[in-house]
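In: Next input, structure requested:
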Amino acid sequence: MEQIDVRILDREYRLAVSPDQRERLLEAVSMVDGRMRALRDSGRVAGIDRIAVMAALQLANELLGAPAAGAGTTTTGDIIRRIRSIKEEIDAEIERQERLF
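Out: Numbering: from 1, shown residues only. Here you go, the predicted structure:
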């Protein structure tokens, strides 16, 4: 395992990662940082903790609903479609939450 320093929403984090998973983790960091910045910059969602929890719950819900590994063949196209679907659902939930404020 190696340690890497990453920055998410202007906060530093040190993470442990195996060399073969490094690129995927960095991509995840970029996605989380981008999403959190967009929420913060919209000015309609209060609190970084709230933003993080809402995103985490949505992603966990999607992950739990995903087919188990090895349950069938999954193509790159399937994965890309699933990611787009998750993004649309998160965007819709964020919009619903923003209406509350």
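In: Next one, pLDDT for the most centrally placed residue in the chain please.
Out: Closest to where the C-alpha atoms of the chain average out (Cα atoms, centre = their mean) is residue 32, at 4.6 Å. You'll see residue 32 listed with a pLDDT of 82.
In: how about it, what does it touch?
Out: Counting by Cβ atoms under 8 Å, 6 or more residues apart in numbering, residue 32 touches 8, 55. (C-beta placed from N, C-alpha, C; glycine too.)
In: For residue 43, give me phi and psi.
Out: Backbone geometry at residue 43, expressed as degrees, to the nearest 10, gives phi 70, psi 0.
In: so where is this protein shaky, pLDDT-wise?
Out: Applying pLDDT under 70 to the chain picks out residues 58-64, 66-74, 100-101.
In: all helices for it, in order.
Out: 22-42, 48-65, 76-98 (DSSP state H).
In: Among those helices, single out whichever gets nearest to residue 16.
Out: The closest of the helices of the chain to residue 16 is helix 22-42. By Cβ to Cβ, the value is 9.7 Å.
In: got the buried residues for that closest one?
Out: Using 16 or more other Cβ atoms under 10 Å as the test for burial, helix 22-42 gives 29, 32-33, 35-36, 39-40.
In: JSON lines please, covering those residues and showing distance to residue 11.
Out: Listed next are the buried residues of helix 22-42 as JSON lines, based on distance: Cβ to Cβ, whole Å:
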{"residue": "29", "distance to residue 11": "11"}
{"residue": "32", "distance to residue 11": "11"}
{"residue": "33", "distance to residue 11": "10"}
{"residue": "35", "distance to residue 11": "15"}
{"residue": "36", "distance to residue 11": "10"}
{"residue": "39", "distance to residue 11": "15"}
{"residue": "40", "distance to residue 11": "12"}
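In: Return the closest of those with respect to residue 18.
Out: residue 29 (15.3 Å).
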